[in-house]
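Q: The amino acid sequence is not available; the structure is as follows:
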């Protein structure tokens, strides 16, 4: 579904969830601007028991001139609206959306789907904010965001607040939106500095004296009273200043689930990975190596853990995380290759780009991928290889000519890539322009006979290579631990879904 598919309706009501946050207001305003530009009769509304009271949100509405209305609902009788009703940053029928009904309904949201989807539905739970999803939908319609003087600031602030001041930002689309919109940083500062009330200061103080601590793994868990998500990050940051605490999770219950914040100050725990683990199967999580967060759907939580209270869940899950992984320091690890089978790497066609043909030498660029950002300076004879899952590695010209043979045929994204969640983008840090790497790629194939020892993992591992001692590769049960023939300390992990595509078992 696209936004243009909804233009058949002349009257459109955009409803934020009850007690809307900055992301809901920003997302709703983005849709409001789009449909208003198409000549529709549009309203931006919210309902529920109470009007907005938080100072930063009231400032946001005032300074950005958001045309949001509060609809009071008398008794239990729902108010019916004409035309189309769009619920934004929430799902129609959920417990945090009250008061309105319509014959025609659409949903635009970034939370985990927790009910039967309706026909008109766009949900992407991998994004840090609904504002990013709306930005993407506006891009698809070639809508000029700068046509409204406040929209860029609204979208930016929506992402800023829903990712705990960008500390839980991990999806490349979120990063793209943050850099693409023109935001008034003065207003963002004003909103940020009006973000904590005296009541929330009290909530933080009470939470800090009600912690639980695991001495074996040196982690802490805290449940806070209902509060703005940013307060969770504030408590988490303070916890890590305690000498005995190396990782922590702070959470609270919100209208439809649990919001949580994760922190780590040791290389052996990637906070983003830990957040994903905590929400696995019942929500979504991610962020950065040291700071991350996520959301757990109440409906899915109650289906999976009907008798377990929330403090017990987070403590148990944290312990399971630490119990699930063996640490492998490759330069010290003695791999028993006698227990492994031998494989040869398949010569699969991949894409390549010669960067100095694309941009001048010494240009500073960032290559954005699902695995993260790669900062580099364009050098002579510098190549990047685009793998079958959209992963990117760089090689010098001498190694490229030794390891790869260019193909005569052209490069076709569908033929060379599977279904990547994100196409790699090269971002020129000088002029700010973006280029899809695949638009400039050609095909090549490996000429090396690469052989490895490998075995499927029966439990998780974290592999620290000699080249990257402050970051690890994660392997989960079912993935493959691989050791190169010629160097038994060159150890790496191959995901289970890639391994059969990339390697063949050697006979005999």
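A: Thanks, I have it. Only a predicted model underlies this, so the values are computations on that prediction, with no experimental measurement involved.

Q: hang on, residue 359 packs against residue 378?
A: Yes: at 5.1 Å, residue 359 and residue 378 qualify as touching, with contact defined as Cβ atoms under 8 Å. Just so you know, the C-beta spots here come from the backbone N, C-alpha and C atoms, and that holds for glycine as well.

Q: Report the set of residues contacting both of these two.
A: Both residue 359 and residue 378 are in contact with residue 365, where contact means Cβ atoms under 8 Å, 6 or more residues apart in numbering.

Q: hey, where'd the helices end up in the stretch 351-500 of the chain?
A: All helices of the stretch 351-500 of the chain, identified by DSSP state H, counting those that start in this stretch, fall at 355-358, 397-403, 413-416, 499-502.

Q: Identify whichever of those lies nearest to residue 10.
A: Shortest separation from residue 10 across the helices of the stretch 351-500 of the chain is recorded for helix 413-416, at 38.8 Å, computed as Cβ to Cβ.

Q: If you count neighbours, what's buried in the closest one?
A: For helix 413-416, the buried set under the neighbour-count rule, 16 or more other Cβ atoms under 10 Å, comprises residue 416.

Q: what's next to it, contact-wise?
A: The contact list for helix 413-416 (Cβ under 8 Å, 6+ apart) reads 349, 350, 351, 386, 388, 423, 438, 441, 443.

Q: beta partners of the nearest residue to the fourth one once chain neighbours are set aside?
A: Okay, so that is residue 386. Leaving aside its chain neighbours, residue 386 sits nearest to residue 351 (3.7 Å; criterion: Cβ to Cβ, 6 or more residues apart in numbering). Counting by DSSP bridges, residue 351 is bridged to residue 386, residue 443.

Q: Distance of residue 351 relative to residue 492?
A: Spatial separation of residue 351 from residue 492 under the definition Cβ to Cβ, to the nearest Å is 21 Å.

Q: Which one of the two is surrounded by more residues?
A: Taking residue 351 and residue 492 together and counting by other Cβ atoms under 10 Å, residue 351 has the greater number of neighbours (25 against 16).

Q: The more buried one is in contact with residue 385, isn't it?
A: Yes: the pair residue 351 / residue 385 is scored as a contact, 7.2 Å apart, by Cβ under 8 Å.

Q: where in this protein is pLDDT low?
A: When residues are selected by pLDDT under 70, those of the chain lie in 74-77, 95, 112, 114-115, 467-469, 508.

Q: show me the contacts for residue 464.
A: With Cβ under 8 Å, 6+ apart as the criterion, the residues that contact residue 464 are 267, 327, 328, 329, 330, 471, 472.

Q: Now tabulate the contacts of helix 413-416 in a markdown table and tack on distance to residue 192.
A: Below are these laid out as a markdown table (distance: Cβ to Cβ, whole Å):
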| residue | distance to residue 192 |
| --- | --- |
| 349 | 48 |
| 350 | 44 |
| 351 | 41 |
| 386 | 38 |
| 388 | 42 |
| 423 | 33 |
| 438 | 37 |
| 441 | 41 |
| 443 | 47 |
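
Q: Any of these buried? List them.
A: The neighbour-count test (16+ other Cβ under 10 Å) marks 350, 351, 386, 388, 423, 438, 441, 443 as buried among the contacts of helix 413-416.

Q: how far away is the third one from residue 348?
A: Summarising the geometry, the distance separating residue 386 from residue 348, computed by Cβ to Cβ, is 12 Å.

Q: sorry, back to before: which among the contacts of residue 464 end up buried?
A: For the contacts of residue 464, a burial check counting by 16+ other Cβ under 10 Å picks out 328, 330, 472.

Q: From residue 28, how far out is residue 131?
A: 10 Å.

Q: Oh, that last question was meant for residue 169, not what I typed.
A: Here the criterion is Cβ to Cβ. By it, residue 169 lies 21 Å from residue 28.

Q: Need the nearest residue in space to residue 316, chain neighbours excluded.
A: The nearest residue in space to residue 316 (Cβ to Cβ, 6+ apart) is residue 308, at 7.6 Å.

Q: and residue 188, how far is that from residue 60?
A: Shown here: residue 188 relative to residue 60, a distance of 10 Å by Cβ to Cβ.

Q: list the residues that contact both of the two?
A: Contacts common to residue 188 and residue 60, judged by Cβ under 8 Å, 6+ apart, are residue 157.

Q: Compare neighbour counts for the two and give me the winner.
A: Between residue 188 and residue 60, counting by other Cβ under 10 Å, residue 60 is the more crowded of the two (29 against 17).

Q: so where does that one fall, helix or strand?
A: With secondary structure defined by DSSP states H and E, residue 60 is part of helix 55-63.

Q: Just list what that helix packs against, helices and strands only.
A: Helices and strands touching helix 55-63, by 3 or more Cβ pairs under 8 Å, 6 or more residues apart in numbering; DSSP states H and E, are helix 22-37, helix 185-192.

Q: in the protein, which residue is closest to the centre?
A: residue 171 (3.5 Å; Cα atoms, centre = their mean).

Q: Tell me if I'm right that that one and residue 286 touch.
A: Yes: with contact defined as Cβ under 8 Å, residue 171 reaches residue 286; the gap is 7.1 Å.

Q: Quick check: neighbours shared by the two?
A: Common neighbours of residue 171 and residue 286, counting by Cβ under 8 Å, 6+ apart, are 126, 128.

Q: Tell me which of the helices of the stretch 351-500 of the chain sits most buried.
A: helix 355-358 (a mean of 17; mean count of other Cβ atoms under 10 Å).

Q: How about residues contacting that one?
A: Residues external to helix 355-358 that are found in contact with it (Cβ under 8 Å, 6+ apart): 365, 378, 379, 380, 381, 382, 383, 384, 426, 435, 440.

Q: are any of the residues you listed buried, and which?
A: 365, 378, 382, 383, 384, 426, 435, 440.

Q: Residue 476 versus the last one, what's the distance?
A: The one in question is residue 440. Residue 440 sits 34 Å away from residue 476 when distances are taken as Cβ to Cβ.

Q: swap in the fourth one?
A: As defined by Cβ to Cβ, residue 383 lies at a distance of 31 Å from residue 476.

Q: before we move on, the earlier item: now the contacts of residue 464 as JSON lines including distance to residue 456 and secondary structure?
A: Written out in JSON lines, the entries for those read as follows (distance: Cβ to Cβ, whole Å; DSSP: H, G, I helix; E, B strand; the rest coil):
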{"residue": "267", "distance to residue 456": "26", "secondary structure": "coil"}
{"residue": "327", "distance to residue 456": "19", "secondary structure": "strand"}
{"residue": "328", "distance to residue 456": "15", "secondary structure": "strand"}
{"residue": "329", "distance to residue 456": "21", "secondary structure": "strand"}
{"residue": "330", "distance to residue 456": "19", "secondary structure": "coil"}
{"residue": "471", "distance to residue 456": "24", "secondary structure": "strand"}
{"residue": "472", "distance to residue 456": "19", "secondary structure": "strand"}
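
Q: ok, so of the residues you listed, who is nearest residue 158?
A: residue 471 (30.3 Å).

Q: circling back: residue 169 and residue 28: who's more crowded?
A: residue 28 (32 against 26).

Q: Give the full set of residues in contact with the more buried one.
A: The neighbours of residue 28, taking Cβ under 8 Å, 6+ apart as the test, are 14, 15, 16, 20, 44, 68, 88, 89.

Q: Repeat the analysis, applying 10 Å as the threshold.
A: Under the criterion of Cβ atoms under 10 Å, 6 or more residues apart in numbering, the contact list for residue 28 reads 14-17, 20, 43-46, 66-68, 86-89, 108, 130-131, 134, 154, 158.
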